[in-house]
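Student: Sequence plus predicted model, see below.
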Number of protein chains: 2
Amino acid sequence: MGLAGLKIVLVEPAGPLNLGAIARAMKNFGLNQLVIVNPQCDRNSPDAMKMAVHAKEILESAIVVQTLPQALQGCVRVIATSGRVSSWETPLENPRTALPWLLEEPEQPVALIFGREDRGLSNEELNYAQRFVQIPTHESYQSLNLATAVAICCYELAQCTAPPATQSPSTPELAPWDLLEAYYQQLESLLLKIGYLYPHTATSRMEKFRQLYNRTHLQTTEVAMLRGILRQIEWAITNYRE
Amino acid sequence: MGLAGLKIVLVEPAGPLNLGAIARAMKNFGLNQLVIVNPQCDRNSPDAMKMAVHAKEILESAIVVQTLPQALQGCVRVIATSGRVSSWETPLENPRTALPWLLEEPEQPVALIFGREDRGLSNEELNYAQRFVQIPTHESYQSLNLATAVAICCYELAQCTAPPATQSPSTPELAPWDLLEAYYQQLESLLLKIGYLYPHTATSRMEKFRQLYNRTHLQTTEVAMLRGILRQIEWAITNYRE
C-alpha cells in the first residue's frame, strides 16, 4: 500500500488545533508519517491533543526537524501545495490528477508538503518539489484552513488506493419476476374492485405502477410486505366498521 | 450554478470550532446556505468566529430551526451522511458518485445533512433522505471530525460544478420533500386504521416503506397517483358493499 511510505510535511505550523485536526485526518485516511519543520507551536499542547482525539500517537511519533531539506531526505517524489496564483510559473495542478503520482513508488518514501497557515511556502521551499498542487477554491474566499487542505489531500490519496465502492458488500435478495407479477395482479384486481381503476384504462394505468416499482428493484421481503398490505386492505373493505 | 440552491444542514452540532470551520469551508467552495437544527452551541461564540475567519457572514446568515423536517421544507433532493456501517440496510454510497446528483436540479432547493459530532444521525433522521453517503475511511480510525466531513463533501460538490456533458434531456419533476412526507403520513394512518400496523411497531415498519419509496426518487405525478389510491381505499373501507 503506497500510503504507508508517504510523509505529510508541515512547514512551520503555528496552530495547535490544526496540528491535532491534521493528525486525526491522517489516521482517518490511513496515513501515519508526520514530519514537522521548525514548529511554531507545541504539538503536545491540550488543544492539539483535544483535536487529535484517537490519533494522538501520530502527534507523539511525529518527526521534528529544523529545515525542509532535512524533512525530504530520501524521498523519491515530492509534491508541494500552494494556495497562491501569482509569482510562480510552474503550473499548479489539481490534487485529483497529481496526487496519485506519489503512490506509484510504493517501496520508496515520498512527501507532500504544506506551508504556513498565513503565508504558505516560499518560492525557495516550493523549489524543493517536483510537482505543485492547488485545491481549487471559489474566488470569493480562496484561503483554505491548513487542516482542511491536509484532510482533502489525504482523502484524495486514500481514494486512489481503493476504487470507490458504490454498493454495500451484501446486497439484499431481489424479488423474482413471478413474485412481482403476482403483486401487480393482486394490486390491479384490488384497484378495480374499489373503483380506482376501470377495466378499459387499467392496463395503461398499471404500466405507471410497474415502472415505479420496477425501477426500485424490490426485494423479496418488500414484495411480501406490499402484498400483506393488500391482503389487509381487502379484509378491511368487507369487515371494517367504524 | 447548482451550488447556490444547496443547503448544508447540521443536526444539533455542539462544537463552535466546528461551526466556524464549516462556514469557512463552505465559502471556500462556493456554498453559502447553512441551516442548523437545534444547535447545541453558540454560532456567534468567539471560537466559531475565530475559525470562520472571512466567512463570518455564513454563520450570521445561517437559518436556525428546531426540527429536521423544518430544515428540509421544499427540498427536492436530500442526501444524508453517515459514518455507520451497521443497522442500516440501504447502501451507503461514495460521495464522489452520489453527490453530483444533488446538483442536477439547479433551480430547486436541495439538502445535504450532517449529524451530531458524537453519534451522527438517528435512523429516523436518515429516513428523511433519499440517498446516503459515507466518506470512505481507514479501518483503524473511522470517525471523521464533523468539519472535516463537511469540507470534503463541499470540495467534492465544487469539483462537479463543471456540468457533465451527458445529461438526460428532460428529467421528470421530482416530488418535493413535504409532498412525500404527506404521503407517508397518509399511508401510516391508513395502515394503522386497517390494523396492518400497530402503534408500537409503526415507526420501524414505516422505515421500510420510506426506504423503499425514497430510493425510487418518486415524481410528483407518481405521489399524486399513490395518494389517490389511498383516498380511494379509505372511501372503499367505509362504503364498499359486495
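Tutor: Everything's here; your move. Residues are numbered from 1 along each chain as shown, chains lettered A, B, ... in the order given.
Student: Name the SS class of A:Leu10, please.
Tutor: Look at A:Leu10: counting by DSSP: H, G, I helix; E, B strand; the rest coil, its state is strand.
Student: Actually, A:Ile135.
Tutor: Quick answer, by three-state DSSP: A:Ile135 is coil.
Student: What of A:Ala14?
Tutor: Under three-state DSSP, A:Ala14 comes out as coil.
Student: Next one: it, what pLDDT does it get?
Tutor: In this prediction, A:Ala14 carries a pLDDT score of 97.
Student: got it, and A:Gly2?
Tutor: Reported pLDDT for A:Gly2: 66.
Student: swap in A:Trp177?
Tutor: 75.
Student: Number of residues surrounding it?
Tutor: 8 (other Cβ atoms under 10 Å in any protein chain shown). In short, each C-beta sits where N, CA and C put it, glycine included.
Student: now swap in the one 3 residues further on and tell me
Tutor: A total of 18 residues lie near A:Leu180 under the criterion other Cβ under 10 Å.
Student: wouldn't it be in contact with A:Leu218 here?
Tutor: Yes. Counting by Cβ atoms under 8 Å, A:Leu180 does reach A:Leu218; the two are 6.5 Å apart.
Student: Name all residues that make contact with A:Ile36.
Tutor: If you count contacts by Cβ atoms under 8 Å, 6 or more residues apart in numbering or on different chains, A:Ile36 has them with A:9-10, A:13, A:19, A:43, A:62-65.
Student: By neighbours, which of these wins?
Tutor: Neighbour max across these (other Cβ under 10 Å) = A:Leu19, 30 neighbours.
Student: what's the closest non-adjacent residue to that one?
Tutor: A:Ala48 (4.5 Å; Cβ to Cβ, 6 or more residues apart in numbering or on different chains).
Student: How much space separates that neighbour from chain B?
Tutor: 13 Å (Cβ to the nearest Cβ, to the nearest Å).
Student: Is that residue part of a helix or strand, or is it coil?
Tutor: helix.
Student: In terms of pLDDT, where does A:Pro172 sit?
Tutor: 67.
Student: er, A:Ala165 actually
Tutor: Note on A:Ala165: pLDDT of 48.
Student: Regarding the spatially most central residue of chain A, what is its secondary structure?
Tutor: By Cα atoms, centre = their mean, the mean C-alpha position of chain A lies nearest to A:Tyr155, the distance being 6.2 Å. Under three-state DSSP, the three-state class of A:Tyr155 is helix.
Student: Now do the contacts for it.
Tutor: When the contact criterion is Cβ under 8 Å, 6+ apart, the partners of A:Tyr155 are A:25, A:29, B:135, B:152, B:155.
Student: From B:Asn18, how far out is it?
Tutor: Relative to B:Asn18, A:Tyr155 is positioned 17 Å away (Cβ to Cβ, to the nearest Å).
Student: likewise A:Arg96?
Tutor: 26 Å.
Student: Of these two, which one has the most company?
Tutor: Neighbour tally, A:Arg96 and B:Asn18, criterion other Cβ under 10 Å: the higher count belongs to B:Asn18, 23 against 16.
Student: per-residue pLDDT, that one?
Tutor: Looking at B:Asn18, its pLDDT reads 97.
Student: Repeat that for A:Ile58.
Tutor: You'll see A:Ile58 listed with a pLDDT of 97.
Student: do the same with the one 5 residues further on
Tutor: We have a pLDDT of 97 for A:Ile63.
Student: ok and the longest helix anywhere in chain A relative to helix B:220-239, angle-wise?
Tutor: In chain A, taking DSSP state H as the definition, the longest helix is helix A:220-239. Here helix A:220-239 points in a direction 40 degrees away from that of helix B:220-239 (axes from the mean of the first three to the mean of the last three Cα atoms, to 10 degrees).
Student: Tell me which residues of helix A:220-239 come out buried.
Tutor: Neighbour-count burial for helix A:220-239, counted by 16 or more other Cβ atoms under 10 Å in any protein chain shown, picks out A:222-223, A:225-226, A:229-230, A:232-234, A:236-237.
Student: Same question for stretch A:197-204.
Tutor: Buried, per 16+ other Cβ under 10 Å, within stretch A:197-204: A:Leu197.
Student: just how off-centre is it within its chain?
Tutor: Chain-centre distance of stretch A:197-204: 48 Å, with Cα atoms, centre = their mean, to the nearest Å.
Student: Identify all contacting residues around that stretch.
Tutor: In this structure, residues lying in contact with stretch A:197-204 by Cβ under 8 Å, 6+ apart are A:188, A:191-192, A:205-206.
Student: Filter those down to the buried ones and express that as a ChimeraX selection.
Tutor: In ChimeraX, a selection of the buried entries from the contacts of stretch A:197-204 looks like this (16+ other Cβ under 10 Å):
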select /A:188,191,206
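Student: between the contacts of stretch A:197-204, which is closest to A:Ile113?
Tutor: Distance to A:Ile113, by Cβ to Cβ, is smallest for A:Met206 among the contacts of stretch A:197-204, at 63.2 Å.
Student: for the residue nearest to A:Leu19, what are its contacts?
Tutor: A:16-17, A:19-20, A:23, A:41-42, A:59.
Student: now swap in A:Glu173 and tell me
Tutor: A:219-221.
Student: again, 7 Å this time
Tutor: A:219-220 (Cβ atoms under 7 Å, 6 or more residues apart in numbering or on different chains).
Student: can you tell me how far it sits from chain B?
Tutor: For A:Glu173 relative to chain B (Cβ to the nearest Cβ), the value is 12 Å.
Student: measure that residue to B:Pro172 for me?
Tutor: Remark: distance between A:Glu173 and B:Pro172 (Cβ to Cβ) = 29 Å.
Student: same question, A:Cys41
Tutor: 55 Å.
Student: Which of those two has more residues huddled nearby?
Tutor: A:Cys41 (17 against 12).
Student: Neighbour-wise, which one of the contacts of A:Ala48 leads?
Tutor: Neighbour-wise, the contacts of A:Ala48 (other Cβ under 10 Å) top out at A:Ala23, 32 neighbours.
Student: quick one: contacts for it?
Tutor: By Cβ under 7 Å, 6+ apart, A:Ala23 lies in contact with A:34, A:52, A:55, A:58-59.
Student: where in chain A is pLDDT low?
Tutor: Applying pLDDT under 70 to chain A picks out residues A:1-2, A:85-88, A:162-172, A:241-242.
Student: domain ranges for it?
Tutor: Chain A is divided into the following domains under automatic domain parsing: A:2-159, A:177-239.
Student: Of those, which is nearest B:Arg119?
Tutor: The minimum distance between B:Arg119 and these falls on domain A:2-159, with 14.5 Å, by Cβ to Cβ.
Student: Need the contact partners of stretch A:232-242.
Tutor: Contacts to stretch A:232-242, defined as Cβ under 7 Å, 6+ apart, come from residues A:190, A:194, B:194-196, B:233, B:236-238, B:240, B:242.
Student: try it again with 6 Å
Tutor: B:194, B:196, B:233, B:236-237, B:240 (Cβ atoms under 6 Å, 6 or more residues apart in numbering or on different chains).
Student: Distance to B:Trp88 for the residues you listed - can I get that in JSON lines?
Tutor: Below are the contacts of stretch A:232-242 laid out as JSON lines (distance: Cβ to Cβ, whole Å):
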{"residue": "B:Ile194", "distance to B:Trp88": "29"}
{"residue": "B:Tyr196", "distance to B:Trp88": "24"}
{"residue": "B:Ile233", "distance to B:Trp88": "31"}
{"residue": "B:Ala236", "distance to B:Trp88": "36"}
{"residue": "B:Ile237", "distance to B:Trp88": "34"}
{"residue": "B:Tyr240", "distance to B:Trp88": "39"}
